[in-house]
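> Quick one, what's the 3D model for this:
(one chain, ligands or ions: 2)
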Amino acid sequence: MTLHIPFDNSYARLPERFYVRQPATPVEAPQPIVVNAALAAELGLDAEALAGPEGTRVLAGNQVPDGAAPLAQAYAGHQFGGWVPQLGDGRALLLGEVVDIHGKRRDIQLKGSGRTPFSRMGDGRAWLGPVLREYVVSEAMHAMGVPTTRALAAVATGEHVIRERGGLPGAVLTRVAASHVRVGTFQYFAARQDVEAIRLLADHVIARHYPDAGSVLDLLDAVVAAQADLVARWLGVGFIHGVMNTDNTALSGETIDYGPCAFMDRFESGKVYSSIDSYGRYAFNRQPTIAAWNLAQLATCLLPLIDADQDTAVEMATNSVNRFPDAFGTAWARVFAGKLGLREWRENDAELVNDLLTAMQTGAADFTNTFAGLAEGHARDAFADPDPFDAWMPVYRARLDAQGGPDLTAMARANPRVIPRNHQVETMIGAAVAGDFAPFRRLLETVTRPYDSPAADLAVPPEPEEEVKMTFCGT
Ligand code: AMP
Ligand code: MG
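Numbering: from 1, shown residues only. Ligands and ions are numbered 1, 2, ... in the order given. Below is the predicted model of the structure:
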C-alpha cells in the first residue's frame, strides 16, 4: 500500500516570480481524521494509502511525496475594497497537480501547512474548526451542484495553535481545486506592470479552464459568465460567502476560501454573518454586485492584452464586464425556475420569485425548508407567520396550473432538504475539539446527500437560543 501520486506540475513550470518553492513545516504528531474516498478515486489516488501512515505524513506536510513541487503562490488583492499589493499563500502550499480520471487537471493543496514568506503576522497554521467547517461546507456545495474547491482529507497535527480563544488543536486540510488562480493573482502582476507574467498567466488559465477562448477578451467573457453562474447558484441555496475579496475569487469559477461563510436559516435579503464585515459589503444580496466589481478588477489587469490601443481595450473590457447583469439574470432565472418547478421562464416569473422572497422575509421563513417544502405542500410550515405565504400561494398555484403542474423533477434537483446549518457546524466543531468526530461524520454524510430525507434533527432550523448570529474567519 505505497502511496503514488502521479503529479504533473504545470504551475511550477511557470517562472520563479509566480511563487516561492518550499516544503511544508513538519508537525508534531499527525493523525488521520478523514479521507474523501470518492474524490480520491476521481483523482486516481488510493484512498487507503492516503489514510495510511505514509499518506498521513504526506497530508500533514511531514513528507514530500515523489513528484511533488511544493510552492506558495504569490497573489495580491482587494480586501473589503482596500488594495493589498501582496498577499500570497500564507498558510497553504500547492503540492502539485494531477490529471483526474476525466482528464481534468486538479491542484492538490495543503492548507494550514506552516509559515511561508507570505505569512506576514500569521503562524501559517489552521485549527480544527475552520478545517472541518471547510470540509463539510465545500463537500455540501459540491453535492448541491455548486462549483467549488473540494476537500480530499483532513489530518490533526498533534499541535496546538494559538487563537483568540487560547490553544486549539491544529489541523491541515487537503484542498483540491481546478486551480488556485485568483483575480488577485492577475492583480499581483498588474501592480508590478509585469505584462509578460500576465500573458503567461492568462495562457495558463485559458489552457486549464477555457480552452475554447481564442483571445484574452474571450477569457474575460468566460470568467464573467462563470462568476454569474456561480453567484446565482449561491443565491439559490442561501449561501453567503462572507469574504468576496478579489483574492478569494477563482478564475475557474469555483467557490474558494471558505472562511466566515454561512447558509441562511431564516431568509433575510441583506443577511451578514461575518464578524469582520461591519458594513455589510458582502451581504447576501450584494454578492452579484461584488462579483461584478471583482470582475472589473480582473478586466483592468487584462487591458494590455486585450488591445494595444488603451481606449479600445477599455471599451471592449467594459462591454464584457457589463454583460454580467444579464448573464447573472439568466442564471438566476434558471436556478429559481428549477426551485419553483417552472418549465419555462415567463414574463412575470421574476416578480413571482421576488414576491415569494419578500413573503419569506416578512413571514420569517426558513430558506431551505420553504423551497424543500414547495413540492411536498409543507412550505407553509417553514414560516413563523404564514400570512404572507398564504397571500402568495394563489398566484403561484395559478402559474403552475397554466403550465399543467410543477416540474417535480427539476424541483427535486434544485431544492436541497438539508444544508450545513451554522449551529450544527458549531456543535460539530465543539465535539471534534473534545475528541468526538462522530458528529462530523454524521453531518458530512447527511449534507453530502442533500436531496435525501435527512434525520429530522439536521433539517430543523435553530431555536432562537441556538442561532449562530456571527461567524469568524477562524484563520
Ligand atoms: P483568507 O482569509 O483565506 O482570504 O486569507 C487572506 C490572507 O491571509 C492570505 O494571504 C492568507 O494566506 C493569509 N493568512 C490567513 N490566515 C493565515 C495564517 N494563519 N497564517 C499566515 N497567513 C494567513
Ligand atoms: Mg483567501
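> wait, doesn't Leu302 sit right on Ala202?
Yes: shown here, Leu302 and Ala202 form a contact pair, counting by C-beta atoms under 8 Å, at 6.8 Å. Where you see a C-beta, it was placed from the backbone N, CA and C, and this is true even at glycine.
> quick one: common contacting residues for these two?
Shared between the contact lists of Leu302 and Ala202 (criterion: C-beta atoms under 8 Å, 6 or more residues apart in numbering) are residues Phe186, Val216, Leu219.
> Correct me if wrong: the first one contacts Ile198.
Yes: judged on C-beta under 8 Å, Phe186 makes contact with Ile198 at a distance of 6.2 Å.
> which residues are common contacts for those two?
Here Phe186 and Ile198 have Cys301, Leu302 as joint contacts, going by C-beta under 8 Å, 6+ apart.
> Tell me which of the two has more neighbours.
More neighbours surround Phe186 than the other of Phe186 and Ile198, with 26 against 23 (other C-beta atoms under 10 Å).
> does the more buried one belong to a helix or a strand, and which?
Using DSSP states H and E, Phe186 sits within helix 183-191.
> Give me the contact list for stretch 28-45.
With C-beta under 8 Å, 6+ apart as the contact definition, stretch 28-45 has outside contacts at 3, 5-6, 46-47, 50-51, 55-57, 59-60, 62, 98, 100-102, 106, 108, 132, 135, 139, 150-159, 171-172, 176, 437, 440-441, 444.
> Restrict those residues to the buried ones and give me that as a ChimeraX selection.
ChimeraX command restricting those to the buried ones, with burial defined by 16 or more other C-beta atoms under 10 Å:
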select :3,5,46,47,50,51,55,56,57,59,60,62,98,100,106,108,132,135,139,150,151,152,153,154,155,156,157,171,172,176,437,440,444
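> Now go through the contacts of stretch 28-45 and say which are in helices.
Using DSSP state H, the subset of the contacts of stretch 28-45 located in helices is 47, 50-51, 55-57, 59-60, 132, 135, 139, 440-441, 444.
> name the helices or strands packed onto the lowest-mean-pLDDT helix or strand in the chain?
Least confident helix or strand of the chain, by mean pLDDT, DSSP states H and E, is helix 456-459 with a mean of 91. Under the contact definition 3 or more C-beta pairs under 8 Å, 6 or more residues apart in numbering; DSSP states H and E, helix 456-459 sits against helix 438-447.
> counting contacts, what elements does the helix it packs on pack onto?
Under the contact criterion of 3+ C-beta pairs under 8 Å, 6+ apart, helix 438-447 touches strand 31-35, helix 128-143, helix 422-433, helix 456-459.
> closest to ligand 1 out of the ones you listed?
Ranking these by their distance to ligand 1 (criterion: C-beta to the nearest ligand atom) puts helix 128-143 first, at 9.2 Å.
> and that closest one, what other elements does it pack with?
By 3+ C-beta pairs under 8 Å, 6+ apart, helix 128-143 packs against strand 150-163, strand 166-177, helix 422-433, helix 438-447.
> In a markdown table, list those along with mean pLDDT and distance to ligand 1.
Below are those laid out as a markdown table (pLDDT from 0 to 100; distance: least, C-beta to the nearest ligand atom, whole Å):
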| stretch | mean pLDDT | distance to ligand 1 |
| --- | --- | --- |
| strand 150-163 | 97 | 8 |
| strand 166-177 | 97 | 10 |
| helix 422-433 | 97 | 17 |
| helix 438-447 | 98 | 21 |
